[in-house]
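> need coordinates for the following:
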Amino acid sequence: MIPDQDIEADSGSSYRGPSPAKLERLGRQRPKVFQSTAQEILFCTSMLLAQIMSEYFISGFNIFLPQLTDEMQIPDRAQVWPSSVFALVAGAFLLPFGRLSDIFGGYVVFTGGMAWYCVWTLACGFSADYKMLIACRALQGLGAAAYMPATVMNLGKTYRPGPRKNLVFGLYGACAPLGFYFGILIAGISNDLLSWRWYFWIAAIAMFVICIGGLLSIPKDVPAKITGNMDYWGVLTIVPPLVLIVYGITDGAYAPDGWRTGYIIASLVVGVLLLGVATYVEGWVSTEPLLPGSMFKPRHMKTLVVALMFAYGTWGVFMYYSSFYLINVMGYSTLQTALAFTPMVVGGIIIASVGGFTLHLLPGRLLMVISGLGFILSVLMFALLPVGGSYWAYVLPSMIGSTVGIDITYNVSNVFITTNIPLRHQGAAGALINSLFFFPVSLFLGVADVVSAEYADQGQRTSYKAALWFGTGCAAAALLLFCFIDPGKAVSQLRAEEKEEQDQHTAAQPRGGDTSCVVLNKAS
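Have a look, this model is predicted:
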């Protein structure tokens, strides 16, 4: 674990609690783990590019899937899997790799995961048939599951709460829609001008650069000795039900009898039952669970988790159905669709930049409510879009609403979660943050597919709108929950461990004693 070098020693092995003025200074200055500004810039660039590459493969692959289906002669029953198997594997293994990050350090897991991701991305481009492509996409998912929680861990451990952390996490959040945009753009260029294989090869080149940047810039947090243990019972009871549930949701709309298909029902029922077993194992059997119960003790954390599921689920419905609405209903080309999403990218960059400088000044509840309104606007405008509707009157406001929703929510929630969870659990925090993004997208898209299928006989436009109305309801639920969450202002403050020790020291003081001088043990 990285020693907290920002709190200077007072005497012996203890630290004197910093004054508010010093906390503010620590929240703004460059962390001392960086030897130079160049190292910090390389570090942040590597982490932000890693976020881009995780979203890149969620959006772009579907763009050339029709051509790929013809070229590789993929059977109808297998067409969903080249696209879905990546999210299935990545989502199922996030929690185990989050624990590995806490045990072995973010440096090892990030660089190892990114290297693995690079190798199998390159292999995807050389796939000879669809079976090889599906296998390579599944192995890609393992790399993503490793480096994504490690990325959040690296950022959360390196930056103290304060304006500098707000800016970095703001930029990190803006890279989600940026990655989604570049996925569509590069897929369109590759499909129209080169070959679909270049979609993977270009990404592999970028990943190689990211891996080298991480090796050179990530602070070495490799522990001298292993202090934690892998929760093998947790892995055995959590991964299978997650795979079964996501599989059932993903394949349900494409099965022979839809959701009434026997193996789909069996997958969901068995998955839910096993998830109940996992809850018992993690809560009462495991001594070091993959998701420690202490992570949910901070005020508003449980409500935030539920709200984020509705919010990110809404975003998944919006991104999927808005893309297909533009292409299949409004007749946009691939490149025109990418250009239509440009306001999301520009808005994300603006929100990230402005938010980084103002997040510590604005109330968190107000920001969450604004983001909830943005989510509603994003899906509602497409749901109301008339035949021949104007891009400027409907699509543009929808794109603006989407970037307001996802970027503000992502930034505020990530800062809140990483600030209120101790350094020793930052890997688990990264796994939680990414799980809250991956699973709601799969879950709500599965339900949206069911809603859309019910209206399929009324035409493609009507079926898409039905799914978007479902997304509007989910966005309204997220907004309602946001009204009851108060994450406070993202100001410079003590870390979670420092707050705990301050509370313990204050409690140990004799009544009426002088508690103005707070002594903190060395954070490590």
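
> contacts, neighbours, all on C-alpha from now
Will do.

> show me what contacts residue 29?
Applying C-alpha atoms under 8 Å, 6 or more residues apart in numbering to residue 29 gives the contacts residue 164.

> hang on, it is in a helix, isn't it?
No: according to DSSP: H, G, I helix; E, B strand; the rest coil, residue 29 belongs to no helix; its state is coil.

> flag the shaky bits of the stretch 51-200 of the chain, pLDDT-wise.
By pLDDT under 70, the weakly predicted segments of the stretch 51-200 of the chain are 66, 76-80.

> mind redoing it with 80?
For the stretch 51-200 of the chain, the stretches flagged by pLDDT under 80 are 58-70, 74-84, 87, 161-163, 173-174, 176-177, 180, 191-192.

> quick one, grab the pLDDT at residue 36.
pLDDT, residue 36: 89.

> give me the neighbour count for it.
Residues lying near residue 36 (other C-alpha atoms under 10 Å) number 11.

> equivalent analysis for the one 5 residues further on, please.
Under the neighbour criterion other C-alpha under 10 Å, residue 41 is assigned a count of 13.

> immediately after the helix or strand hosting it, which helix or strand?
Residue 41 is part of helix 37-59 when elements are defined by DSSP states H and E. Remark: after helix 37-59, the chain's next helix or strand is helix 65-72, criterion DSSP H and E.

> show me what the helix or strand that that next one is followed by is packed against.
Next helix or strand after helix 65-72 toward the C-terminus (DSSP H and E): helix 81-92. On a contact count with 3 or more C-alpha pairs under 8 Å, 6 or more residues apart in numbering; DSSP states H and E, helix 81-92 meets helix 130-158, helix 232-252, helix 426-454.

> how far away is the residue most central in space within the chain from residue 95?
Compute the mean C-alpha point of the chain, and by C-alpha atoms, centre = their mean the closest residue is residue 434, 3.6 Å away. From residue 434 over to residue 95 the distance is 9 Å, taken as C-alpha to C-alpha, to the nearest Å.

> go on, residue 133?
Taking C-alpha to C-alpha, one finds residue 133 at 25 Å from residue 95.

> the two: who's more crowded?
Using other C-alpha under 10 Å as the criterion, residue 133 and residue 95 rank with residue 95 on top: 29 against 22.

> got a list of what that one touches?
Contacts of residue 95 by C-alpha under 8 Å, 6+ apart are 290-291, 428, 431-432, 435.

> okay, these in JSON lines with pLDDT next?
Formatted as JSON lines, these follow (pLDDT from 0 to 100):
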{"residue": "290", "pLDDT": "81"}
{"residue": "291", "pLDDT": "78"}
{"residue": "428", "pLDDT": "80"}
{"residue": "431", "pLDDT": "83"}
{"residue": "432", "pLDDT": "85"}
{"residue": "435", "pLDDT": "84"}
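
> nearest to residue 75, of the residues you listed?
Nearest to residue 75 among those: residue 435, at 30.5 Å, using C-alpha to C-alpha.

> list the contacts of residue 318.
Counting by C-alpha under 8 Å, 6+ apart, residue 318 makes contact with 378-379, 468, 471.

> need the CA coordinates for stretch 48-64. PDB is fine.
Extracted C-alpha coordinates of stretch 48-64, given in PDB (Å, rounded to 0.1, in the frame of the first residue of the first chain):
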ATOM      1  CA  LEU A  48      -7.900   8.000 -18.700                       C
ATOM      2  CA  LEU A  49      -7.000   6.100 -21.900                       C
ATOM      3  CA  ALA A  50      -7.700   2.900 -20.000                       C
ATOM      4  CA  GLN A  51     -11.300   4.200 -19.300                       C
ATOM      5  CA  ILE A  52     -11.700   5.000 -23.000                       C
ATOM      6  CA  MET A  53     -10.700   1.500 -24.000                       C
ATOM      7  CA  SER A  54     -13.200  -0.100 -21.700                       C
ATOM      8  CA  GLU A  55     -16.100   1.800 -23.400                       C
ATOM      9  CA  TYR A  56     -14.600   1.500 -26.900                       C
ATOM     10  CA  PHE A  57     -15.500  -2.200 -27.100                       C
ATOM     11  CA  ILE A  58     -19.000  -1.800 -25.700                       C
ATOM     12  CA  SER A  59     -20.200   0.600 -28.500                       C
ATOM     13  CA  GLY A  60     -18.200   0.100 -31.600                       C
ATOM     14  CA  PHE A  61     -18.400  -3.700 -32.100                       C
ATOM     15  CA  ASN A  62     -22.200  -3.600 -32.900                       C
ATOM     16  CA  ILE A  63     -21.600  -1.200 -35.800                       C
ATOM     17  CA  PHE A  64     -20.000  -3.800 -38.000                       C
END
